[in-house]
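Q: this is the structure alone, sequence omitted:
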């Protein structure tokens, strides 16, 4: 992160926000930013890819929805390619990580599957026997694109900024947008870690409530009380669970790939930090945000 300090210091000066420097640095998060490069012809197995279909080991069992329909492949990440950008040090250093999902309705607790394989040798291009649920819903297939990654940092966005500390929100928005623009670029398609795109700053609570307490989020002030109750009334532990939720992947709407999450939204895959460290990808959460 030290590489970014000079740049952020200069931006704080430019936007006359040096008075909130401590707040900005206290709340910086590392991110791994994903951009599409070229359309993938599947000639090379095991590359990082979004859209299309995946490369998987032989005898792979395609994830299905509760209704028995094949889930839609979203992305595969070659972790050896990505590990060089992982300042948080939470992802496995090698192997493949796969993301699948069901119908994106409603926007919370979406059916999905995250799969990790450590041995990424002998991968085979794999295609389902019939159209997946989102292919049928969208009435199209999704175009495969190779992904390149880069490292960056970000500060709290609109949903997560502290309005009690930030007096000049317009200047702060300009600062945040400048940093965000530098991270993303024109071919941006998603990210790992960082602040979820949203409106209310409660995505981590929503995820923790389901993963830890098996309750659906109801956008009520009582939701956190449900999490506390599930942890035997331990408010500190509930707060720690919320703070330890990690955004494993955010994928943006992208016209080239064909993803259109409620026209122009994003999808978020979340996981507990402890589960990520232990390579336990059975307990994850998927939600959708669209403005």
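A: Cool, got the structure. Here the structure is a predicted model, which is why all the values come from computation and not from measurement.
Q: in which helix or strand does residue 249 reside?
A: Per DSSP states H and E: residue 249 is located in strand 245-252.
Q: contact partners for the spatially closest residue to residue 118 that is not a sequence neighbour?
A: Of all residues not flanking residue 118 in the chain, residue 95 sits nearest, at 4.2 Å (C-beta to C-beta, 6 or more residues apart in numbering). Where you see a C-beta, it was placed from the backbone N, CA and C, and this is true even at glycine. By C-beta atoms under 8 Å, 6 or more residues apart in numbering, residue 95 lies in contact with 79, 80, 116, 117, 118, 119, 120.
Q: cool, and residue 66?
A: Counted by C-beta under 8 Å, 6+ apart, residue 66 has contacts residue 111.
Q: show me what the helix or strand harbouring residue 25 is packed against.
A: For residue 25, the host element (DSSP H and E) is helix 21-26. The elements that helix 21-26 packs onto, with contact taken as 3 or more C-beta pairs under 8 Å, 6 or more residues apart in numbering; DSSP states H and E, are helix 2-14.
Q: show me which residues of the helix it packs on are buried.
A: Residues of helix 2-14 classed as buried: 4, 8, 11, 12 (neighbour count, 16 or more other C-beta atoms under 10 Å).
Q: from residue 179, how far out is the second one?
A: When distance is defined by C-beta to C-beta, to the nearest Å, residue 8 is 7 Å away from residue 179.
Q: who touches residue 73 in this structure?
A: By C-beta under 8 Å, 6+ apart, the residues touching residue 73 are 51, 52, 53, 54, 98, 99, 100, 132, 142.
Q: top of these by number of neighbours, please.
A: With neighbours defined as other C-beta atoms under 10 Å, the most crowded of the contacts of residue 73 is residue 99; it has 27 neighbours.
Q: report the secondary structure state of it.
A: Assigned with DSSP: H, G, I helix; E, B strand; the rest coil, residue 99 falls in the strand class.
Q: if we ignore the residues flanking it in sequence, what's nearest it?
A: Nearest residue to residue 99 in three dimensions, chain neighbours excluded: residue 74, at 4.3 Å (C-beta to C-beta, 6+ apart).
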